[in-house]
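In: Predicted model follows, preceded by the sequence.
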Amino acid sequence: MGIKRRSNPVVEQDGAGGGAEDLCCREDPAAAGGCGVWLGAEAAARGGNGARRFVSQRVLVESDVTAGIATIKFKNPPVNSLSLEFLTEFIICLEKLENDKTYRGLILTSDCPGIFSAGLDLREMCGKNLAHYAEYWRAIQETWLKLYLSNMVLVAAINGASPAGGCLMALSSDYRVLADNPRYRIGLNETLLGIVAPFWFKDVLVNTIGHRAAEHALQLGLLFQPTEALQVGMVDQVVPEDQVQSTALSVMTEWLAIPVLRFLSECLRKIGNDPTVSATSFSLDHARQLTKSMMRKATADNLIKQREADIQNFVSFVSRDSIQKSLQVYLEKLKQKKH
Amino acid sequence: MGIKRRSNPVVEQDGAGGGAEDLCCREDPAAAGGCGVWLGAEAAARGGNGARRFVSQRVLVESDVTAGIATIKFKNPPVNSLSLEFLTEFIICLEKLENDKTYRGLILTSDCPGIFSAGLDLREMCGKNLAHYAEYWRAIQETWLKLYLSNMVLVAAINGASPAGGCLMALSSDYRVLADNPRYRIGLNETLLGIVAPFWFKDVLVNTIGHRAAEHALQLGLLFQPTEALQVGMVDQVVPEDQVQSTALSVMTEWLAIPVLRFLSECLRKIGNDPTVSATSFSLDHARQLTKSMMRKATADNLIKQREADIQNFVSFVSRDSIQKSLQVYLEKLKQKKH
Amino acid sequence: MGIKRRSNPVVEQDGAGGGAEDLCCREDPAAAGGCGVWLGAEAAARGGNGARRFVSQRVLVESDVTAGIATIKFKNPPVNSLSLEFLTEFIICLEKLENDKTYRGLILTSDCPGIFSAGLDLREMCGKNLAHYAEYWRAIQETWLKLYLSNMVLVAAINGASPAGGCLMALSSDYRVLADNPRYRIGLNETLLGIVAPFWFKDVLVNTIGHRAAEHALQLGLLFQPTEALQVGMVDQVVPEDQVQSTALSVMTEWLAIPVLRFLSECLRKIGNDPTVSATSFSLDHARQLTKSMMRKATADNLIKQREADIQNFVSFVSRDSIQKSLQVYLEKLKQKKH
């Protein structure tokens, strides 16, 4: 969908015919290819409740077929930075889940303790050629468009810090549950790094917390602690750290079980038995999806209509000598710090 | 104003010359024609305080000429559904009140216990021809445009449940007072019915409670109980059930008596005595009306500019075989339920 | 920049070459010309801490060079009305501060007890010719555009009532601190005066407190007491009257010291030592400025693109016979009241 897939050994097993079904719909571990790898042992341990588990190198996918819920766990240590390889795997997983009617809900969470995602990977922006920068930015855009416009219900189980691009992924979900740990701050803090958040990051923040709060937060690059994040509307719920996953699952269950009026429900069942009536034409999920699209289309279109210009802006900014030198210094210092 | 009036015995007494004055300005009961019928006894009971009362078949209009306040009570039992006949009478009443300078404020409330309005009338959408569906949708649009752009101050005295179209009428007012009864829920719950709220319903909700809360409420088709409705900003005040009407009246009185500075008030009186100065040019009401229009014009224009396409969308959706069958089943079940 | 400067004895000393530096950068009192006059005694009293003080007739400028903070005190007694002379001096001061890299922050406050600013000066709108009305309105627009789009951090230290145009100046700042005095009410109360707030006043209010609250406030011309103003989001902080200035200064210090991560800070220092790297290209201030512009550009452009039409609207409104007579009566009564 615009993003050229990078070479990725696991992904390339996918083959030409690899479609959405490959990742998540095969019950036979041996047949599981693509970026998903069946974890037979764990699945077996869960017994016959329909739970399955897939994993790619950096994007771990668990799924509960019966409930229609998939969980993506970011696994790009140490900080789940959005490297091009991570994004490529992530986009493929999203596409496959999106096209698989089994899944109506998707939970986003982290497999790396203490960090949801640190956002953009500076190494993708330093010492590469212009084509690489363009490819990288297109992948960032693609990731956001896929998340923001997903037909699935997206719940973010935020179990760690989520600055910048990490925050964007949370904001693009339909509901956000944050662990009550003061170190897990969330926000678009680009200003703190001397850069400006892309306009579409800004659009999403304005939609979420309103114009005034967004202006304040963006100018100062504010990172909100859980209590503040809840108050300003950056997240919808703050719960003890060990309840993040269970709360996300409860919320998801509520969203998927839009409380259909009993009376209407009976009608729908009757209609469903009539072979001349298309089941989907009166589907509640379909109505929710169209409603979500109605709410988000204008914001997504705002990027889509100037997507190439946005890429060019990024490329020309990041390829400046001064920025390249700054990034080199930054990355060298980062390397020293680790040792 | 675009809506073709359906045949309506009461309305047709109106005659060619029936203008705004017919409904509300005649003190002589015998002369009262149009959709308004003078209720002599009740008016008499109120003594000489200028109170008058009119009634149409489905839209009951009471008015206090001295205060400049009219009250419309929806009377389309059992649930005040927005049938075409109801809408036609309602639009005529609104037009007449709008054009009658006597009235500066309008209170909307229900004459049916426990329900403000249940919204669209499914019977208008089932088993009719395309022209009927188009006429119906145009009437829905027209009703909203007249409410949303009214020059009068509109206060909704919400004395019952107000889902979907009932909620829209409340949201189109300038102020909302809701009875504190947990069964009186309010919201745009179209998703629960398997349909999508029209984009202009959505626009009004976003204006009222903001983008994020609207997205959440619309996706889930949330119906808010009074306390929640107040918290999210769906209504402005929640009061005990027996105080809804009196509170609405107090609010209206405040709005109509924009607290003019005493000093300015003296100036205005002096100016008013100068026959060369047009009284309206410095009218406080006029300023409030222009301000309201400035706030709402863009939202109304968003429908006006694509009004015909919106009608075509509705007609082609509702005339689908699958939708017609669904509605038939639904209406039959509804009929059985009543017996 | 579009505004023709009126004759002003003090300003005209400025000379052809009078640029931004004249006002604020000369340490030598004797050399201080332009609209700024060096107040030697006061400056001396503050010792060698870099504090300087300038004053024009109606716009008093104090500055702390070390901190990079200027303070503008409105001094147009009795009520700091926005006369053309006041605006002209104010715009010149803003331009000079804006172009002087010394200043990163600007505090707006009043030198007149109990009033921040009463807004438009009715005397500029009465008994003058059309060209004057046009010039006046252009100055109002220019003042707002300069405030709203300033690259500096603007903090309003609101130490008095701020209706109408006074409120606009506060709303155009980045942060608002209001003295906790019930007489210091703030709001766009144009409706109370029988006029309609310009659409760009409305745009700024909607950005600040949201669509619903703005519609309510504008229709009724609401003036908010401090507690209400805080609750609705019209101001960011309410503090005891004697702490307004110190709080504004603390806030400014926080905004100017965007809490740079220690690690990034070291990188920046290292980069700063590399002569091949432009210091400004990675400047934190620059990122904040671009972010502010991203948030505000659409709102400012909304006026800019119809600026001439907005002037014509004002001129034709204010030059009506009825309005002129109203203003005459009003101003005469005002004169009597003073005696």
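Out: Okay, I see it. This is a predicted model, so every value here is computed, not measured.

In: and the next element down the chain from the helix or strand containing A:S162?
Out: A:S162 is located in strand A:160-163, with elements delineated by DSSP states H and E. For strand A:160-163, the succeeding helix or strand toward the C-terminus, using DSSP H and E, is helix A:164-171.

In: What mean pLDDT does that following helix get?
Out: When pLDDT is averaged over helix A:164-171, the result is 98.

In: what's it packed up against?
Out: Contact analysis of helix A:164-171 by 3 or more CB pairs under 8 Å, 6 or more residues apart in numbering or on different chains; DSSP states H and E lists strand A:119-120, helix A:130-148, strand A:153-158, strand A:186-187, helix A:199-209 as its packing neighbours. Any C-beta I mention is one placed from the backbone N, CA and C, and that applies to glycine too.

In: List of residues touching that helix?
Out: Residues outside helix A:164-171 that contact it (CB atoms under 8 Å, 6 or more residues apart in numbering or on different chains) are A:80, A:82, A:108, A:115-120, A:140, A:143-144, A:147, A:156, A:158, A:162, A:176, A:186-190, A:193, A:197, A:201, A:204-205, A:208, A:234-235.

In: got the angle for the helix or strand just after it vs helix A:199-209?
Out: Using DSSP H and E, the helix or strand that directly follows helix A:164-171 along the chain is strand A:175-179. Strand A:175-179 and helix A:199-209 meet at an angle of 80 degrees, taking axes from the mean of the first three to the mean of the last three CA atoms, to 10 degrees as the criterion.

In: List of residues touching strand A:175-179?
Out: Outside strand A:175-179, the residues that reach it (CB under 8 Å, 6+ apart) are A:153-160, A:170, A:184, A:186, A:226, A:229-230, A:234-241, A:244, A:247-248, A:251, A:255, B:216.

In: Check the offset of that strand from the chain's centre.
Out: Chain-centre distance of strand A:175-179: 13 Å, with CA atoms, centre = their mean, to the nearest Å.

In: Stretch A:225-242 too?
Out: Computed by CA atoms, centre = their mean, the chain-centroid distance of stretch A:225-242 equals 19 Å.

In: thinking again about what came up before, PyMOL command for the buried members of the contacts of strand A:175-179?
Out: Buried subset of the contacts of strand A:175-179, written as a PyMOL selection, criterion 16 or more other CB atoms under 10 Å in any protein chain shown:
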select buried, (chain A and resi 153+154+155+156+157+158+159+160+170+184+186+226+229+230+234+235+236+237+238+239+244+247+248+251+255) or (chain B and resi 216)
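
In: Up against chain C, what does the stretch 101-250 of chain A have?
Out: Within reach of chain C by CB under 8 Å from any CB of the partner chain, the stretch 101-250 of chain A has these residues: A:190-197, A:199, A:202, A:210-212, A:214-216, A:218-221.

In: Quickly note the distance from A:R307 to chain B.
Out: To chain B, A:R307 is 22 Å away according to CB to the nearest CB, to the nearest Å.

In: Can you get me a residue count around the spatially closest residue to that residue that is not a sequence neighbour?
Out: Nearest non-adjacent residue to A:R307, counting by CB to CB, 6 or more residues apart in numbering or on different chains: A:Q141, 6.2 Å away. Applying other CB atoms under 10 Å in any protein chain shown, we find 20 residues neighbouring A:Q141.

In: ok, A:Q141 - contacts?
Out: Counting by CB under 8 Å, 6+ apart, A:Q141 makes contact with A:200, A:303, A:307, A:310-311.

In: Going by neighbour count, which of the residues you listed comes out on top?
Out: Among the contacts of A:Q141, the one with the most neighbours (other CB under 10 Å) is A:W200, at 22 neighbours.

In: Please give the element, helix or strand, for the closest residue to that residue other than its chain neighbours.
Out: Leaving aside its chain neighbours, A:W200 sits nearest to A:L303 (4.4 Å; criterion: CB to CB, 6+ apart). If you go by DSSP H and E, A:L303 is part of helix A:284-304.

In: Can you name every helix or strand that that helix contacts?
Out: Using 3+ CB pairs under 8 Å, 6+ apart: helix A:284-304 touches helix A:130-148, helix A:199-209, helix B:199-209, helix B:211-220.

In: okay, the angle between it and strand A:153-158?
Out: Using the same axes, to 10 degrees, the direction of helix A:284-304 lies 70 degrees away from that of strand A:153-158.

In: re earlier: just the closest of the contacts of A:Q141 to chain C, please.
Out: The shortest gap between chain C and any of these belongs to A:W200, at 10.9 Å (CB to the nearest CB).

In: That closest one touches A:K305, doesn't it?
Out: No. Using CB atoms under 8 Å, A:W200 makes no contact with A:K305, being 11.1 Å away.

In: Tabulate the contacts of A:Q141 (TSV), appending pLDDT.
Out: Formatted as TSV, those follow (pLDDT from 0 to 100):
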residue	pLDDT
A:W200	98
A:L303	98
A:R307	98
A:D310	97
A:I311	98
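
In: Can you name every helix or strand that the helix or strand containing A:I91 contacts?
Out: For A:I91, the element it lies in under DSSP H and E is helix A:84-99. Using 3+ CB pairs under 8 Å, 6+ apart, the elements in contact with helix A:84-99 are helix A:9-12, helix A:20-24, strand A:59-64, strand A:69-74, helix A:130-148.

In: List the buried residues of it.
Out: Within helix A:84-99, the residues scored as buried using 16+ other CB under 10 Å are A:84-98.

In: Just the CA atoms of stretch A:225-239, as PDB, please.
Out: Extracted C-alpha coordinates of stretch A:225-239, given in PDB (Å, rounded to 0.1, in the frame of the first residue of the first chain):
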ATOM      1  CA  GLN A 225       2.600  11.300  34.200                       C
ATOM      2  CA  PRO A 226      -0.300   8.900  34.500                       C
ATOM      3  CA  THR A 227      -2.500  11.200  36.700                       C
ATOM      4  CA  GLU A 228      -1.900  14.200  34.500                       C
ATOM      5  CA  ALA A 229      -2.400  12.200  31.300                       C
ATOM      6  CA  LEU A 230      -5.800  11.000  32.600                       C
ATOM      7  CA  GLN A 231      -6.800  14.500  33.600                       C
ATOM      8  CA  VAL A 232      -5.900  16.100  30.200                       C
ATOM      9  CA  GLY A 233      -7.500  13.300  28.300                       C
ATOM     10  CA  MET A 234      -4.400  11.800  26.800                       C
ATOM     11  CA  VAL A 235      -5.400   8.400  28.200                       C
ATOM     12  CA  ASP A 236      -8.900   7.000  29.100                       C
ATOM     13  CA  GLN A 237      -8.000   4.900  32.200                       C
ATOM     14  CA  VAL A 238      -5.100   4.600  34.600                       C
ATOM     15  CA  VAL A 239      -4.800   1.200  36.400                       C
END
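
In: got a list of contacts for that stretch?
Out: A:158, A:167, A:170-171, A:175-182, A:184-187, A:208-210, A:213, A:217, A:224, A:247, A:251, B:212, B:216.

In: Would you show me how to pick out the buried ones of these in PyMOL?
Out: Per 16+ other CB under 10 Å, the buried members of those correspond to this PyMOL selection:
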select buried, (chain A and resi 158+167+170+171+175+176+177+178+179+180+181+184+185+186+187+208+209+210+213+217+224+247+251) or (chain B and resi 212+216)
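
In: Who are the contact partners of A:Q312?
Out: Counting by CB under 8 Å, 6+ apart, A:Q312 has contacts A:A134.

In: tell me the angle the helix or strand hosting it makes with helix A:199-209.
Out: A:Q312 belongs to helix A:307-318 when assigned by DSSP H and E. Relative orientation of helix A:307-318 versus helix A:199-209 (the same axes, to 10 degrees): 110 degrees.
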